[in-house]
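Visitor: Provided below are the primary sequence and the corresponding predicted coordinates.
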Amino acid sequence: MMMPTLKKAGLLALLLAVALPAQAHKRWLLPSNTVLSQPQWITVDASVSNDIFFPERPFPLKGLTATGPDGKPAEVDNTLEGHRRSVFDVNLTQAGTYRLAIAGQFFFASYQLGGERKRARGRSVKEIRAAIPKGATQVKLSETVSRMETFVTVGAPNRTALKPTGQGLELDPITHPNDLYTGEQARWRLLVDGKPAAGVQVEVVPAGTRYRDQQNDWQLTSDANGVVTIDWHAAGRYFVEASTADDNASAFGATERRLQYLTTVEVLPL
Amino acid sequence: MRLITLIVLLLLAPLALADRFQLVLEVPRMHVAEYHAPYLAFWVESPDHSTIVPLGLWYDGRDKWLKDLRQWWRRTGRSQQAPYDGLTGATRAPGLHELDFSDVKALQALPTGHYALVVEAAREVGGREVVRIPFDWPPQSIQKHSANGSQELGAMQLTLTPDQP
């Protein structure tokens, strides 16, 4: 009697794992500093883990961009992909806000081959097409557009580097991401392809999950104007993930477009 | 005779034109293995923070650590550059210190209203503390307001004296 139930449960788990690849781990950037009173180098970790913010697997730095307060690229040095985390340093030479981002497109395929359901992933349509073997049937393609970013400010915050690109899921920070303090709320507008996006799910996780029994995370949904209001519970660093999906896939043959936005922010005590 | 009167009047003029804003403040003596004199910042703010008047800053000239005066940095420091507004100077040793902010022009220009003097201290390898002393400006009579810090700041007394007592 037990066996069929267990098998069913196993099958269900497998199906869920296939259906929700994005839920597996949290991807994050962690800057050494977010508020500075003098130009200097900072260092940033990039990792994938369940524990916020303890590195488990390195996050590839391909696609990393560092944008300075003048909108021009900032100097990045010492990029390293280690066993548990990736690292890079950024030279902050001028006053204002820097944006450090890893943005990209990913394609996922699932197909039937030799009586089995298989999966493949790639960074371009060409790559994913090449990854699907001949003879595969029932091919399903989906696209994921992902942006992971964080912000660091020397002196007074400015907004030149924060300008949305108009592609994918992005943040239009009404409250500056380097101006977050306990007892105050942050109002952030979420954009999809540059337009305010209602109904976007946002998850907020305070740092230090290793030292508590519960995640202590909370969920928000963007309102009709695409705005979420975040009430920071305490000073510290927060992992924030927003996600939504639509059918505006850019690639021919892809049916669904998943959109992800991830950021790490620091909330200071007043 | 006239000349002497004129000279006396001229000497008195700076005093007579301004309401006095004076603070006596104690930097507490710490019994710690590693002591560094604290950074201190002084400013006046309106209850909604829409008005901020920087009064002064004590630090060792290294901008790198000014962010540790977190409130001062947010309210005014981050939008300035050295030399910082107000009476800016070196850090001070433990003990009583007398400060006179009467000559800060922005203070004299403040509209009538309710404000607070904010004193923030941040000490390397030590703590941080913020003390607020509410007051009404300009003073109609001599006003004395006292406050006490608990860690990084000691006793404080703010004395406001109208220009024509």
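Guide: That came in fine, so what should we check first? The structure displayed is predicted, hence computed values, not measured ones.
Visitor: touching, A:Gly68 and A:Ala74? I think so.
Guide: Yes. The pair A:Gly68 / A:Ala74 is scored as a contact, 4.3 Å apart, by Cβ atoms under 8 Å. No exception for glycine: its C-beta is placed from N, CA and C like everyone else's.
Visitor: doesn't B:Arg92 lie inside a helix?
Guide: No. With DSSP: H, G, I helix; E, B strand; the rest coil as the criterion, B:Arg92 is located in coil rather than a helix.
Visitor: any idea how many residues pack against it?
Guide: 15 (other Cβ atoms under 10 Å in any protein chain shown).
Visitor: next one: the one 10 residues further on
Guide: The tally of other residues near B:Ser102 (other Cβ under 10 Å) stands at 18.
Visitor: helices of the chain, residue ranges please.
Guide: Just so you know, I chose chain A. A:2-19, A:125-131 (DSSP state H).
Visitor: actually chain B
Guide: For chain B, the helices defined by DSSP H cover B:2-17, B:70-75, B:105-108.
Visitor: mean pLDDT lowest where, among the helices of chain A?
Guide: Ranked by mean pLDDT, those bottom out at helix A:2-19, which scores a mean of 42.
Visitor: how much space between the nearest residue to B:Glu98 once chain neighbours are set aside and A:Asp89?
Guide: In space, and not counting its chain neighbours, B:Glu98 is closest to B:Val24: 5.4 Å by Cβ to Cβ, 6 or more residues apart in numbering or on different chains. As judged by Cβ to Cβ, to the nearest Å, B:Val24 and A:Asp89 stand 46 Å apart.
Visitor: count the neighbours of the nearest residue to B:Phe42 once chain neighbours are set aside for me.
Guide: Leaving aside its chain neighbours, B:Phe42 sits nearest to B:Leu55 (4.0 Å; criterion: Cβ to Cβ, 6+ apart). A total of 23 residues lie near B:Leu55 under the criterion other Cβ under 10 Å.
Visitor: does B:Leu55 touch B:Thr88 like I think?
Guide: No. Using Cβ under 8 Å, B:Leu55 is not in contact with B:Thr88; the gap is 9.8 Å.
Visitor: quickly list what's touching both of A:Gly68 and A:Ala74.
Guide: Common contacts of A:Gly68 and A:Ala74 (Cβ atoms under 8 Å, 6 or more residues apart in numbering or on different chains): A:Leu92, A:Thr93, A:Tyr98.
Visitor: ok, now which ones touch the first one?
Guide: This means A:Leu92. Residues near A:Leu92 by Cβ under 8 Å, 6+ apart: A:Leu36, A:Pro39, A:Gln40, A:Trp41, A:Ile42, A:Gly68, A:Ala74, A:Tyr98, A:Val152, A:Val154.
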